[in-house]
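Q: A structural model of the following input is requested.
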Amino acid sequence: MTAYMLVQGTISDEERYGRYREAVMPLIERFGGKHVRGGAVELLEGRQDERHTALFEFPSLDAIHGFWNSPEYGPVKELRRGAAEMEVWAIPGV
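A: Now for the predicted structure:
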């Protein structure tokens with residue numbers, strides 16, 4: 001069943017975060033993930049959240065966990081340290 005990874009964050013070092021982005025995208029794709037949407041979102045109700053938002057679609061929750069827990073992702077994740085504060089959710093599809 002399709003699953004989604006929702007990422008919200010504040011980027012504090014664009015150059016370093018750019019290196020993370022370049023390294024993480026091929027890894028996400030290797031686990032069957034694809035970037036569905038990023039950038040600004042439209043608030044329909046509630047409080048505005050100014051953080052960057054990205055949505056990724058994966059073939060399953062197992063694929064998200066495979067990506068997140070892979071030995072290859074650890075060093076890539078280190079590229080993000082000090083460049084961005086993130087919240088990441090895994091969301092099952094219906």
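Q: S60 against M1, yeah?
A: Yes: between S60 and M1 there is a contact at 6.0 Å, judged by C-beta atoms under 8 Å. All C-beta atoms are positioned from the backbone trio N, CA, C, and that covers glycine.
Q: where are the low-confidence patches of this structure?
A: Of all residues in the chain, those with pLDDT under 70 make up the ranges 39.
Q: For it, which segments are assigned as strands?
A: With DSSP state E as the definition, the chain shows strands at residue ranges 3-11, 34-39, 52-58, 84-92.
Q: Name every strand pairing with the first one and say which way it goes.
A: Translated: strand 3-11. For strand 3-11, the paired strands and their directions (DSSP bridges) are strand 52-58 (antiparallel), strand 84-92 (antiparallel).
Q: Also the shortest one?
A: For strand 34-39, the pairing partners within the sheet under DSSP bridges are strand 52-58 (antiparallel).
Q: So if I had to pick from S60 and M1, which one is more boxed in?
A: Comparing S60 with M1 by neighbour count (other C-beta atoms under 10 Å), the higher total belongs to S60, at 15 against 9.
Q: any idea what sits nearest V24, other than its immediate chain neighbours?
A: Beyond its immediate neighbours in the sequence, the residue positioned closest to V24 (C-beta to C-beta, 6 or more residues apart in numbering) is V76, lying 5.3 Å away.
Q: thought the one you found was touching M25?
A: No: here V76 does not reach M25: they are 9.9 Å apart, not a contact under C-beta under 8 Å.
Q: and these two? which has more neighbours close in?
A: Just comparing V76 and M25: by other C-beta under 10 Å the higher neighbour count belongs to V76, 19 against 15.
Q: OK, contacts around that one?
A: Applying C-beta atoms under 8 Å, 6 or more residues apart in numbering, one finds that V76 lies in contact with Y20, A23, V24, L27.
Q: any idea how far F58 is from V88?
A: V88 sits 12 Å away from F58, going by C-beta to C-beta, to the nearest Å.
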